[in-house]
Each structure stands twice: as C-alpha cells, then as structure tokens.
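[1] With the sequence up front, the predicted model follows.
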Amino acid sequence: MAGMPSPDRQVLIIDDEPSWVEVLSRELKKQNYQTTVAYDAASGRKAVVEDGFDGIVLLDLRLPDADGMDLIEPLLAARPGLRIIMMTAHGTAADEDQARQRGVHLFVSKSEGKSRIIGAVESAMALLKQASELEHYREILGERYRFEGILTRSPKMKKLFEMLEHVVDSKVSVLLQGESGTGKELVARALHYEGPRRNGPFIAVNCGGIPETLLESELFGHERGAFTGAVALKKGKFELADGGTLFLDEIGEMPLHLQVKLLRVLQERQVERIGGTAPRSIDVRIVSATHRDLMEMVREKRFREDLYYRLAVFPVYLPPLREREGDIGLLAQHFLEKAVREEGKGPRAISSAALTALEAYPFPGNVRELENIINRAVLVATNEVIVPRDLPLGVLETFRPEDRVAPQAGPQPERGLAELDDVNRLVGQINAARALPRVGLDQAFDVLFGSLADLPSADLVEQALIERALKLADGNVAEAAKALGMSRATIYRRIRKEPVKGEAETA
Ligand SMILES: Nc1ncnc2c1ncn2[C@@H]1O[C@H](COP(=O)(O)OP(=O)(O)OP(=O)(O)O)[C@@H](O)[C@H]1O
Ligand SMILES: [Mg+2]
C-alpha cells in the first residue's frame, strides 16, 4: 500500500507536554526511529484510525481531552497488532492493572527517565518484528499437505506429518500417543479419510469409557442368548469396521484379559462373537490412541508387550501444544474465526498483549483447552479485540517468569533477550497486581473451607465482602464500590438487604 508506513521503527507519541515530547522525539530519532506526535487523544486516535499508523504507541495516561486509559481499546480495535506502552507521571498499581487488562504491553513511569522509555520501545520493537516474521512464515507455509483440517506451522508437527504420509496408504497399525487434547482423534480420522479406506467405515471405540463387562461384547459382538441379557444378536465393532478403520481410543485402559483376546484377533484377523461358533474373517485397519505412556505400562506389566508391538507398528507421538512453535497464535486465530462464524458476532482479532499471555501459558489441556479459552473470550469480550481481561485468570496467573526461562517445556523458540525481559517485567507486574492477592485468598480459603460441606453460599460471601469494604472505607459507599468493582446501586441494594434471586428460598 503506497504511502502507508511499515510498522518497522515507527513510534507514535501521544502526550500533551511539549518539553517531554521534545526530549523523547530527539532520543528516538537518535536511535533511528521515526516519530509521529499527537498532543491530545483526538489527534492520537486520528493518526491510528484514519491515517493508518502502525507500530509502537507511547501513550500518556492523562490527556487534556480524555483519559489515556479510554484510548487503548479504540486504538487496538483499529489495529490489534499495535504495541502500546503507557507512560505516566503518577500512576497507581490499580491504573497499571487496568491498563494491562485492556491490552497495553508495558507501563512505565516517566520518573524512570527517558532511557527507560527508550528501552521499553526497543523491547516492544523486538516483539513486533517477531510477529511480522511469523506472518511471513505463515504465508510461505500456505502449501498443503494431505492432512486437511489439522492446522500447524510448527516444524516438529510438519515432520510428523511427513512421516504419516508414508503410512496413509498402507494398512499398518498406528499408535498415537500424546497428552490430552493434542489431536489424536483428529489424526486418526485424517488417516482414515485421506487413505484408500475412506469409503469404508470409521468406527471408534472408547476403551476407557465402557464398563469392562460390556467392552468385550462391544468389540467382538455376541450371539443371541450368549449370556443373560443378550436378547438379540449384536455385531461387534470389529465386524462393523470391516473394510474400514477401527479406532481404539484410550487403549491403555483396556483390561488385561481383553488384551489377550484382542491380540488373538489381530494375529488371526478373525473375530468370533461371544457365544458364537464360527469365527469370521475381517479386514480392518487399526489405529489406537492413548494419553498414557504405554511403554511404561509394559514395564509395569499392566500392558502386554506382544500387544504393544502389534499396535505400535508405527508409533506416533503428538507433541503438546506448548512445544509447537507458532501454533498457539495460528490456532487461536483459527478458533476465533470459527467461534465468530458460529455466534454470528464477536471480536475480530486478538490483541498482541493477549497473545503474549497465551503464548506463555503451558496449556495442560492442549488444543482443546485453547479452543475453550477462545470460545469463552468471544463470549465475554466487550470490544472488537480480545484483550487480556477476556482471558481466564488461570492464564494470567501462570504467566510467571519461570515458565519462560526454564527449558523444561522442551526447546524454546528463539526469542530475543529483549522480549524475554519485556515478558518477565510484564509477568512480575501481573503477579504483583493480580495473582498474589489470589494466592492469599487460596490460603485463607484452605483454612476456612476445607470441604464442600463447609462452603457458604456465594451470596453470603458477597454480603460479607461488602460489609468489610464499607468498614474499611469508613462507610463511604463510593469508595467501597470502587474497591470491589461493583456499582454503588448494587451496594445500596445489598445493605438494604433486598432479597436477590434464590435467596428467599434458602434463607
Ligand atoms: N492441529 C489442530 N488443528 C485444528 N484443530 C485441532 C488441532 N488439534 C486438535 N484440534 C481440535 O482440538 C480438539 C481436541 O482434539 P482431539 O479430540 O483429537 O484430541 P485428543 O488427543 O483425542 O484428546 P483426548 O486425549 O483428550 O481424547 C478437537 O476439537 C480437535 O478438532
Ligand atoms: Mg481423544
């Protein structure tokens, strides 16, 4: 686009203090930045919304025509990739928390001096650069492999798909291992629908979800009258999958005596219904999956070794999401688009601050968890962009420096030191502002409410909190309301003890 400056080394200063703006501009120019200056909120907004500014924004908290805080969201709505650094002369911890929740990257005090601000600009620039490199990477990765519907840009995953290509067309048994939510079932289906058996049936059995006594007849079927309750003939999943794929999910949960029977079926390629007399030949491709370490179970004699080698002719390990470089952003965007399509409305982008928080989160529930988090964010977002406030507290809380620095989650993507620094600082501040009080609460709760039976009603707790706040605020309702993040009306209503929904019955 002609005339539109690239975000590289562009800084927009929105501040009403000419001498300070002068100092900053001079310093930034020395470091080869191009600066744009706006002396009030309206012209800052115009620079982004109308003139298409993209890059880093240095935003003053107090502006003559508006509160800088209220400018964050409109700016991000116009350009979600902006990195906003908030500068303030006398900002409080509460201001800082609010600014971060709304999507600023850094919060710096003017009293820390111009070099601190230039440092902040440098680290924000490193982040921006990385984002645009990823964008580029995403474009050149446009080429397709056969596994449609499974999104990835991670080199690890691509290597895995290259391997799977070799077995799509064959009948070899594939064992999929990986943590919960890593896409094992998705891959099992892809193996079926991309291969020569695609016109045959794909039959899935959850070996962990069926009572042991039923699993046997579920898999192998039974003749009429084979046992009490067997009132009609029932075909087993093996028979039903004939000519197609049988997906044995949660194979690690299969009881040992059934493992023996399964092994025999696989060796002889024949099944016999319970109570039956004639075995019948079957032609099925077996794909199995488990979140357990089957090899370990073999060592502990909880899983038969011979069966293991039958099932794991081609073992595949699906890496956890946190080890898939670049995938959190890609999948988050994908699930956002999907949710918005389904809802018919919702935010259209994820702010870079929210993305940074997501990228630092370890996702124990992997892709499924990410999808849930995005679906929830789409519902709670009040703006056109998803900001940290829309993410679950758990994501912001685990945003600890150790998670970023410790290599325990496999090889970390290469990130600039500046970014790490930036993230660590952000983390420290989020912890200070949010997580610590929560940890304190958890400890208090441990003491007060040890079991479900000890729990009071949520209404009672709310009532107690309001009374506490009023006491601390010397009865000043406005102050109490502010501290609790409630409206004054709610507080008045509660001190007058008006019944809320459901209270009348329980009281
Ligand atoms: N790479 C991916 N691209 C798009 N969607 C994905 C990807 N991986 C997983 N999903 C989606 O995430 C969800 C979880 O995947 P799936 O059910 O295959 O996981 P799983 O490994 O079988 O989990 P579990 O062990 O809990 O059964 C599904 O909705 C799936 O469509
Ligand atoms: Mg599954």
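    Nice, I can see it. Numbering: from 1, shown residues only. Ligands and ions are numbered 1, 2, ... in the order given.
[2] Counting by contacts, list what whichever helix or strand residue 248 is part of packs against.
    Following DSSP states H and E, one finds residue 248 within strand 245-249. Applying 3 or more Cβ pairs under 8 Å, 6 or more residues apart in numbering; DSSP states H and E, one finds that strand 245-249 makes contact with helix 184-193, strand 202-206, strand 285-290. Heads up, the C-betas are built off the backbone N, CA and C, glycines and all.
[3] Pipe those into JSON lines and attach distance to residue 317 and mean pLDDT per row.
    Converted to JSON lines, those look like this (distance: least, Cβ to Cβ, whole Å; pLDDT from 0 to 100):
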{"stretch": "helix 184-193", "distance to residue 317": "10", "mean pLDDT": "93"}
{"stretch": "strand 202-206", "distance to residue 317": "20", "mean pLDDT": "96"}
{"stretch": "strand 285-290", "distance to residue 317": "11", "mean pLDDT": "98"}
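[4] Near the closest residue to residue 88 other than its chain neighbours, how many residues? Count them for me, please.
    For residue 88, ignoring the flanking residues on the chain, the nearest one in space by Cβ to Cβ, 6 or more residues apart in numbering is residue 61 at 3.9 Å. Counted by other Cβ atoms under 10 Å, the residues lying close to residue 61 total 21.
[5] Would you mind listing the residues in contact with residue 102?
    Remark: with contacts taken as Cβ atoms under 8 Å, 6 or more residues apart in numbering, residue 102 is in contact with 69, 72-73, 387-389.
[6] Between which two of the residues you listed is the distance greatest?
    69 and 388 (14.3 Å; Cβ to Cβ).
[7] and these two? which has more neighbours close in?
    Between residue 69 and residue 388, counted using other Cβ under 10 Å, the more crowded position is residue 388 (24 against 19).
[8] I'd guessed that one sits against residue 357; true?
    Yes - using Cβ atoms under 8 Å, residue 388 is in contact with residue 357, at 5.4 Å.
[9] Find residues that contact each of those two.
    residue 396.
[10] Give me the neighbour count for residue 241.
    Per other Cβ under 10 Å, the neighbour tally for residue 241 reads 24.
[11] got the phi/psi numbers for it?
    Residue 241 adopts backbone torsions of phi -90, psi 0, taken as degrees, to the nearest 10.
[12] Now it: closest residue in space, sequence neighbours ignored.
    Leaving aside its sequence neighbours, residue 241 sits nearest to residue 203 (Cβ to Cβ, 6+ apart; 4.0 Å).
[13] and what of residue 392?
    Leaving aside its sequence neighbours, residue 392 sits nearest to residue 373 (Cβ to Cβ, 6+ apart; 6.2 Å).
[14] And the one you found, how far from ligand 1?
    Relative to ligand 1, residue 373 is positioned 12 Å away (Cβ to the nearest ligand atom, to the nearest Å).
[15] And for residue 397?
    Computed as Cβ to the nearest ligand atom, the residue 397 to ligand 1 distance reads 23 Å.
[16] So what's the residue count around that residue?
    Residue 397 has 16 nearby residues by other Cβ under 10 Å.
[17] list the buried ones in whichever helix or strand comes after the strand holding residue 248?
    Going down the chain from strand 245-249, the next helix or strand is helix 256-268, by DSSP H and E. For helix 256-268, burial by neighbour count (16 or more other Cβ atoms under 10 Å) applies to 258-259, 261-263, 265-266.
[18] Pick the one among the residues you listed closest to residue 299.
    When the buried residues of helix 256-268 are ranked by distance to residue 299 (Cβ to Cβ), residue 259 comes first, at 15.3 Å.
[19] correct me, but the closest one touches residue 305?
    No - if you go by Cβ under 8 Å, residue 259 and residue 305 don't touch, sitting 10.3 Å apart.
[20] Give me the average confidence score over stretch 263-280.
    On average, the pLDDT along stretch 263-280 is 93.
[21] Quick one: end-to-end distance for it.
    Using Cα to Cα, to the nearest Å, one end of stretch 263-280 lies 16 Å from the other.
[22] residues making contact with it?
    Contacts of stretch 263-280 (Cβ under 8 Å, 6+ apart): 173, 216-217, 220-223, 225-227, 230, 233-236, 238-239, 281-283, 286, 304, 306-307, 310-311.
[23] Buried only: go through these for me.
    Buried, going by 16+ other Cβ under 10 Å: 173, 216-217, 220-223, 226, 230, 234, 236, 238-239, 282, 286, 304, 307, 310-311, out of those.
[24] What residues does the nearest residue to residue 247 once chain neighbours are set aside make contact with?
    Excluding the flanking residues, the one nearest residue 247 by Cβ to Cβ, 6+ apart is residue 204, at 4.2 Å. Residue 204 sits next to 185, 188, 247, 249 when contact means Cβ under 8 Å, 6+ apart.
[25] The first one contacts residue 247, doesn't it?
    This means residue 185. Yes - contact criterion Cβ under 8 Å: residue 185 and residue 247 qualify, at 7.3 Å.
[26] With neighbour numbers in mind, choose between those two.
    A side-by-side neighbour count of residue 185 and residue 247, using other Cβ under 10 Å, places residue 247 first with 26 against 16.
[27] Touching, the more buried one and residue 284? I think so.
    No - Residue 247 is not in contact with residue 284 according to Cβ under 8 Å; the separation is 10.1 Å.
[28] Count the residues that sit near the closest residue to ligand 1 within the stretch 1-150 of the chain.
    When scored by Cβ to the nearest ligand atom, the stretch 1-150 of the chain has residue 150 as its residue closest to ligand 1, at 4.3 Å. Residues lying near residue 150 (other Cβ under 10 Å) number 17.
[29] Remind me which helix or strand it belongs to.
    Per DSSP H and E, there is no helix or strand for residue 150.
[30] center of the protein - which residue?
    residue 370 (2.9 Å; Cα atoms, centre = their mean).
[31] what's near enough to touch that one?
    Residue 370 sits in contact with 321, 328, 331-332, 335, 358, 363, where contact means Cβ under 8 Å, 6+ apart.
[32] Next, the residue of the chain found nearest ligand 1: phi, psi?
    Across the chain, no residue is closer to ligand 1 than residue 183, which sits at 2.9 Å (Cβ to the nearest ligand atom). Note on residue 183: its backbone torsions stand at phi 100, psi 30 [degrees, to the nearest 10].
[33] Could you list the residues of the protein in contact with ligand 1?
    The interface of the chain toward ligand 1, taken as Cβ under 6 Å from any ligand atom, is made up of 150-152, 178, 180-186, 291, 331, 367-368, 371.
[34] Which among the residues you listed count as buried?
    Restricting these to buried positions leaves 150-152, 178, 181-185, 291, 331, 367, 371, with burial counted as 16+ other Cβ under 10 Å.
[35] And those, which two are furthest apart?
    Pairwise distances across those (Cβ to Cβ) peak at 20.8 Å, for the pair 151 and 291.
[36] Pull the distance from stretch 156-170 to the chain's centre.
    Centroid separation between stretch 156-170 and its chain, computed with Cα atoms, centre = their mean, to the nearest Å, is 26 Å.
[37] how about that stretch: buried residues?
    Judged by neighbour count using 16+ other Cβ under 10 Å, the buried positions of stretch 156-170 are 156-157, 160-161, 164, 167-168.
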